[in-house]
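A.B. asks: structure, please.
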Amino acid sequence: MRTITEIIIHCTATTPSASCTVESIRRYHLSLGWRDIGYHYVIYPDGSVNVGRPIEEPGAHTTGHNANSIGIAYVGGLDSSRRPSDTRTPNQRVALLQLVKDLMEEHNVIHIHGHNEYANKACPCFNVQQWRKENGI
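C.D. replies: Here you go, the predicted model:
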């Protein structure tokens, strides 16, 4: 098993109502020449946590940070006008918090960041450091 020390949170940069699934993301990432979906987990608007790339494999979600991280994406991040916005549903908020806590317990996670902390992007469309403080993680 690889050493995992970081969780990086993303959004799919879609509206929450978009038909965005692990398989559709996988097809898109494969079309880019990647060998699989870049994220390890995808959280649907109903709060279901869906497995993407096997956790034993490095992801393809944040340049320079894939080797030792887990990538989590929630479906959404764009409002109905397609502007970046925190569109997490209440179920996604609960699922994300529980998933992060579970992964922290399972692995030696010492860093939790949003993709926007490493790239000039709005993703995940909320302030991960503020979210961590609000949730005591």
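
A.B. asks: which SSE is S24 in?
C.D. replies: Per DSSP states H and E: S24 is located in helix 22-31.

A.B. asks: from the chain's centroid, how far away is that helix?
C.D. replies: 15 Å (CA atoms, centre = their mean, to the nearest Å).

A.B. asks: what does it contact?
C.D. replies: When contacts are defined by CB atoms under 8 Å, 6 or more residues apart in numbering, helix 22-31 is touched by residues T12, D36, I37, G38, Y39, V42, N50, V51, G52, A60, A73. Every C-beta, even on glycine, is put in place using the N, C-alpha and C of the backbone.

A.B. asks: now the second one: closest residue in space that isn't a chain neighbour?
C.D. replies: Which is D36. Excluding the flanking residues, the one nearest D36 by CB to CB, 6 or more residues apart in numbering is R53, at 4.9 Å.

A.B. asks: and the one you found, how far from I137?
C.D. replies: According to CB to CB, to the nearest Å, R53 stands 23 Å off from I137.

A.B. asks: can you give me phi and psi for the nearest residue in space to K121 that is not next to it in sequence?
C.D. replies: Leaving aside its sequence neighbours, K121 sits nearest to H115 (CB to CB, 6+ apart; 5.8 Å). According to degrees, to the nearest 10, the main-chain angles of H115 amount to phi -60, psi -40.

A.B. asks: quick check: pLDDT value at D79.
C.D. replies: D79 carries a pLDDT value of 94.

A.B. asks: wait, T15
C.D. replies: Each residue has a pLDDT score; the one for T15 is 91.

A.B. asks: now the nearest residue to it once chain neighbours are set aside: phi and psi?
C.D. replies: Leaving aside its sequence neighbours, T15 sits nearest to L78 (CB to CB, 6+ apart; 5.1 Å). According to degrees, to the nearest 10, the main-chain angles of L78 amount to phi -120, psi 140.
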